[in-house]
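Novice: sequence and predicted structure are below.
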Amino acid sequence: MKFLLIVLLLILQHLLLAQGISNFHDEKGYYCRVTVENQDTLPIIYFDGVNVAGSKSFRNSVESRQWERLVRNVKIAYPYAKIAGIKFNEYSQTISALNSEREKREMMKKAENELEAQFGNELKELTFTQGKILLKLIDRQTSNCSYEIIKEFRGSFRAFFYQSFARLFGFDLKVKYDPNGEDADIEKIVLMIENGTI
């Protein structure tokens, strides 16, 4: 029986080597796939995507100051957008578990009061530009514009009211994030923040 098992393992190993791909275990227990080419054993390792960006060049000092201002504004708004994404997921899961509309409304009112108490004063300190960037980054983090989030959690009337009020001050809650177009510079800055390069 042992002889049959050894022969079977040798045949299996030969088949794997004949295909050029096998598995490798070293003495520390690390495991990776390998391929053998011309008597060389080469590891096959997969990495996550990598973003490569060169340094930004400016035509004049005005562009340089605009870039620095955009970096500062994104650095201020981005943490709030990340929190918004986390809270959005938490509240979505909590609300989907509730059965009655009354419980959902009470939960959302409680969540709104909680967020207002925690971040209300800080968000009031944001500049107009930082507020616009925050709306776009919320869309980036949640894949939903602010209008849709309000509509989903607080209802159509409340969303319409907030949108009308925001329009009076030059904001648009329906704004979408476009990382390959209008918001390409914001996307670069966010990726740099996430990579720890700025």
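Specialist: Looks like it arrived, so ask away.

Novice: since we're on Lys82, how many residues are nearby?
Specialist: 17 (other CB atoms under 10 Å). In short, each C-beta sits where N, CA and C put it, glycine included.

Novice: now it, what's its secondary structure?
Specialist: helix (DSSP: H, G, I helix; E, B strand; the rest coil).

Novice: surely it is in contact with Gln141?
Specialist: Yes. Counting by CB atoms under 8 Å, Gln141 is a contact partner of Lys82 at 6.3 Å.

Novice: apart from its neighbours in sequence, what residue is nearest the residue nearest the centre of the chain?
Specialist: Most central in the chain under CA atoms, centre = their mean is Gln141, positioned 5.3 Å from the mean C-alpha point. Nearest residue to Gln141 in three dimensions, chain neighbours excluded: Gly85, at 3.2 Å (CB to CB, 6 or more residues apart in numbering).

Novice: next up, the contacts around that neighbour.
Specialist: By CB atoms under 8 Å, 6 or more residues apart in numbering, Gly85 lies in contact with Ile138, Gln141, Thr142.

Novice: what is the subsequent helix or strand relative to the strand or helix carrying it?
Specialist: According to DSSP states H and E, Gly85 maps onto helix 61-97. Per DSSP H and E, the first helix or strand lying C-terminal to helix 61-97 is helix 101-124.
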